[in-house]
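> No letters, just coordinates:
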């Protein structure tokens, strides 16, 4: 945390937590926001603070990414906390929520503590872990939710694995509810989707690729909603990707159930046709859906039924992706394309800039009970300065992740982070990067 004073001026301040949208400035002191508002537009504060002229660009809370897979511990060749944090900073993400799918699995308090300590020593952004909901992600025995919460786990999940046994999940939800803990689920029936690499339909049939129906997702969504109804536990769907799931979540929210959900950026920007001629970098979990389902996800974000947009950052080594489609690993990197993809909804007129940013800042902070995601006096000075209109082309060679498996190579976007600050410290400056 920085002890120096920084005055940001000439900025478009956007704070989705309070619906603030005003030309103004912001003062940082001792790593926290000391003042914010229109009166600071041009006037630097006394005591000779560092002054940053934002030149009319957007100054907003740093992004909070609720779904990030890394390789540490166990598969550091794919991604470390340090390399993931570099990619996050370059994407304007100031907090990454890491999944427990590591080796060993994050299912013990000592391993939650390890993530905190390792991140403090190596990462340039905030790193908060989710812990496993079941031991070894096996879906059989629930973990010690109380002890893991005390150790610093912000939620409980088996990551990209579904708990197939409804009795186990019901018990885990009931236990979690006694602590007010958040459970994050993966909606994909493991039997219906076994061996599948694409979503079922005409295109998968033409390519000759084993596929699973969208019902594989919707069935689990419906089941888990019923279990939430039984237990009253706070529940978040880590990703939904089809119209049937969206409708089920909308109905559950209407009934007042404590349910929220995310969509991944690549399910907002891509559909099944992007697989093209067996492009394995498009192989993700859940698989890319039809154009109708992609449009439904955009609609879900715009309507507010979908609470959060996540990167679902899942780095894979080149040798696991350069395989026949059926054998290739699932996953795509996404920390640096999260903001540009989300901004596409604004540029297409589907949602306001404030609404889009809410799904990246205030909403994940609220769901996870994090002290961030807002521009308010006393809040951590976790900030992103970005140009919403600057055009650029995605070049894998310029990515900061240790892996390069982006499905957006050569894709044109509009809008990206210029500078990123964590606790008042500048952790990324695109201008300096270009000069060096």
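Yep, it's here. Model, not experiment: these values are computed from the prediction. Numbering: from 1, shown residues only.
> Quick check, pLDDT for the spatially closest residue to residue 328 that is not a sequence neighbour.
Using C-beta to C-beta, 6 or more residues apart in numbering and skipping residues adjacent in sequence, the residue nearest residue 328 is residue 280, 3.8 Å away. From N, CA and C alone the C-beta is placed, and that goes for glycine too. Model confidence at residue 280, given as pLDDT, is 96.
> what do you get for residue 41?
At residue 41, pLDDT is 68.
> on that earlier part again, so what's the backbone phi/psi at the residue nearest to residue 328?
phi -70, psi -20 (degrees, to the nearest 10).
> Near it, how many other residues are there?
Applying other C-beta atoms under 10 Å, we find 22 residues neighbouring residue 280.
> Now for this structure: which helix has the highest residue count?
Criterion DSSP state H: the longest helix present in the chain is helix 215-231.
> Now do the helix or strand following that one: distance to the chain's middle.
Following helix 215-231 in sequence order, the next helix or strand is strand 234-237 (DSSP states H and E). When distances are taken as C-alpha atoms, centre = their mean, to the nearest Å, strand 234-237 is centred 15 Å away from the chain's centroid.
> and if you look at stretch 376-384?
With C-alpha atoms, centre = their mean, you get 19 Å for stretch 376-384.
> Name the residues that touch that stretch?
2, 6, 8, 15, 17-18, 26, 28, 31-36, 59-63, 92, 94-95, 126, 339, 371-372, 375, 417, 419-424 (C-beta atoms under 8 Å, 6 or more residues apart in numbering).
> Surely residue 257 touches residue 227?
No: in this structure residue 257 lies outside contact range of residue 227 using C-beta atoms under 8 Å: 10.5 Å.
> Compare those two (neighbour count), which wins?
Shown here are residue 257 and residue 227; by other C-beta under 10 Å, residue 227 has more neighbours (21 against 18).
> And the pLDDT for the more buried one?
Looking at residue 227, its pLDDT reads 98.
> Quick check: which element contains the closest residue in space to it that isn't next to it in sequence?
In this structure, residue 227 finds its nearest non-sequential neighbour in residue 170, 5.2 Å apart by C-beta to C-beta, 6+ apart. Assigned by DSSP H and E, residue 170 belongs to helix 166-179.
> helix or strand right after that helix?
strand 182-185.
> how about the helices in the stretch 1-150 of the chain?
With DSSP state H, counting those that start in this stretch, the ranges of helices along the stretch 1-150 of the chain come out as 81-90, 109-122, 145-151.
> Buried ones in the last one, by neighbour count?
The neighbour-count criterion (16 or more other C-beta atoms under 10 Å) identifies 145, 148-149, 151 as the buried residues of helix 145-151.
> cool, and the second one?
When burial is assessed from 16+ other C-beta under 10 Å, helix 109-122 yields the following buried residues: 109, 111-112, 114-116, 118-119.
> quick one: it to helix 81-90, angle?
Taking axes from the mean of the first three to the mean of the last three C-alpha atoms, to 10 degrees, one finds helix 109-122 and helix 81-90 inclined to each other by 60 degrees.
> list the buried ones in the helix or strand harbouring residue 298?
Per DSSP H and E: residue 298 is located in helix 291-303. Residues 293-294, 296-298, 300-302 are the ones in helix 291-303 that count as buried (16+ other C-beta under 10 Å).
> follow-up on the earlier one: are any of the contacts of stretch 376-384 buried, and which?
Buried among the contacts of stretch 376-384 (16+ other C-beta under 10 Å): 2, 6, 8, 15, 17, 26, 28, 31-34, 36, 59-63, 92, 94-95, 126, 339, 372, 375, 417, 419-424.
> Hmm, residue 159 is touching residue 137, no?
Yes: between residue 159 and residue 137 there is a contact under C-beta under 8 Å: 6.8 Å.
> Need the residues touching each of the two.
With C-beta under 8 Å, 6+ apart, residue 159 and residue 137 have common neighbours 100-101.
> how about the nearest residue to residue 195, chain neighbours excluded?
Using C-beta to C-beta, 6+ apart and skipping residues adjacent in sequence, the residue nearest residue 195 is residue 210, 5.1 Å away.
> One more: residue 199?
Residue 199 sits nearest to residue 287 (C-beta to C-beta, 6+ apart), 4.6 Å away.
> Now name the helix or strand holding the one you found.
Here residue 287 is assigned to no helix or strand, by DSSP H and E.
> Just confirm it contacts residue 200, I think it does.
No: taking C-beta under 8 Å as the definition, residue 287 is not a contact partner of residue 200, at 9.1 Å.
> Report the set of residues contacting both of the two.
Joint contacts of residue 287 and residue 200 (C-beta under 8 Å, 6+ apart) are 211-212.
> When the two are compared, which one has more neighbours?
Each of residue 287 and residue 200 has its neighbours counted (other C-beta under 10 Å); residue 287 has more, 26 against 21.
> I'd like the buried residues of helix 145-151 laid out as a markdown table, including pLDDT.
Converted to a markdown table, those look like this (pLDDT from 0 to 100):
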| residue | pLDDT |
| --- | --- |
| 145 | 97 |
| 148 | 98 |
| 149 | 97 |
| 151 | 97 |
